[in-house]
Structure formats: C-alpha cells, structure tokens
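Colleague: The following comprises the amino acid sequence and a computationally predicted model.
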Amino acid sequence: MVSVTSEHLIHPARKMPSLFSQWKEDVTCVFARDPAAHSIREILLTYPGVHAVLFHRLSHRLWRNNWKFTARIVASIARMLTNVDIHPGATVGKRFAIRKLDKLKNCYR
C-alpha cells in the first residue's frame, strides 16, 4: 500500500514562485553545470534548450491560470523558435535543462 502525505501533494492555494525567480534559477543552473558556458549572457542568447524551458515556464503559468488558448499559442511559438515541444500543462521541476536538444537533464543532483 502506498501512503501519500500532504508534503507530496501540491496545494492549489500555495503560491508559485515568481516567474523571474524560476527563470533565474534555470539559467544559473545551466551556467553552473555546463563547462562550455562562458557567461549568463551567452546562455540567454544562444542556448535553445534554455529558451524552450523559459517559454515553457511562461506557458505553464498561463495554463494554470486558465488562459489555455494563450498558453498553447506561446508553446507553439516556442516550438517554432526552438524545435522543442513541451505541452503547457506539463509539470517541469526545478533546475530543469535541455542539453543538445536530444538529451534531457535534471540539474537537481
């Protein structure tokens, strides 16, 4: 039998972290873990995997606030720009990065 405690559930009333703080954490994670990254500016301008995750954070926020059509439009634009398709309803954890657009990596370790 599996027991589920309240700490395993996401409470709907719990406030989400700010979008900017999520973006900052995503970018600093990539900078800390990628030896080829020379600066934050380089990551923000040239890493399509980071662009995909940043767009997803925005579209997911829209999805959760019941702006589902707008979220799908943002996700579609992100797919056209980055060639990465992440559904706006998908839950992506903290410090998530996409490397080389063919490998998923969790920067949590």
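Modeller: Yes, it's here.

Colleague: Could you give the separation of whatever helix or strand Ser76 lives in from the chain centroid?
Modeller: Applying DSSP states H and E as the criterion places Ser76 in helix 68-82. Distance of helix 68-82 from its chain centroid, counting by C-alpha atoms, centre = their mean, to the nearest Å, is 13 Å.

Colleague: Tell me the secondary structure of His38, please.
Modeller: State at His38, reduced to three classes by DSSP: H, G, I helix; E, B strand; the rest coil: coil.

Colleague: ok, longest helix in this structure?
Modeller: helix 48-64 (DSSP state H).

Colleague: mean confidence for that helix?
Modeller: Computed over helix 48-64, the mean pLDDT rounds to 92.

Colleague: Between helix 68-82 and that helix, find me the angle.
Modeller: An angle of 170 degrees separates the directions of helix 48-64 and helix 68-82 when computed by axes from the mean of the first three to the mean of the last three C-alpha atoms, to 10 degrees.

Colleague: so who does the residue lying closest to Leu58 once chain neighbours are set aside touch?
Modeller: Distances taken as C-beta to C-beta, 6 or more residues apart in numbering place Val74 nearest to Leu58, at 5.7 Å, with adjacent residues excluded. For every residue, glycine as well, the C-beta is placed using N, CA and C. Neighbour list for Val74: Phe55, Leu58, Ser59, Leu62, Pro88 [criterion: C-beta atoms under 8 Å, 6 or more residues apart in numbering].

Colleague: Quick check: Val74 vs Ile98, distance?
Modeller: Counting by C-beta to C-beta, to the nearest Å, the gap from Val74 to Ile98 is 17 Å.

Colleague: returning to that earlier point: tell me which of the contacts of Val74 is nearest to Lys94?
Modeller: Leu58 (16.2 Å; C-beta to C-beta).

Colleague: if I look at the closest one, how far off is Phe96?
Modeller: When Leu58 is compared with Phe96 (using C-beta to C-beta), they lie 14 Å apart.
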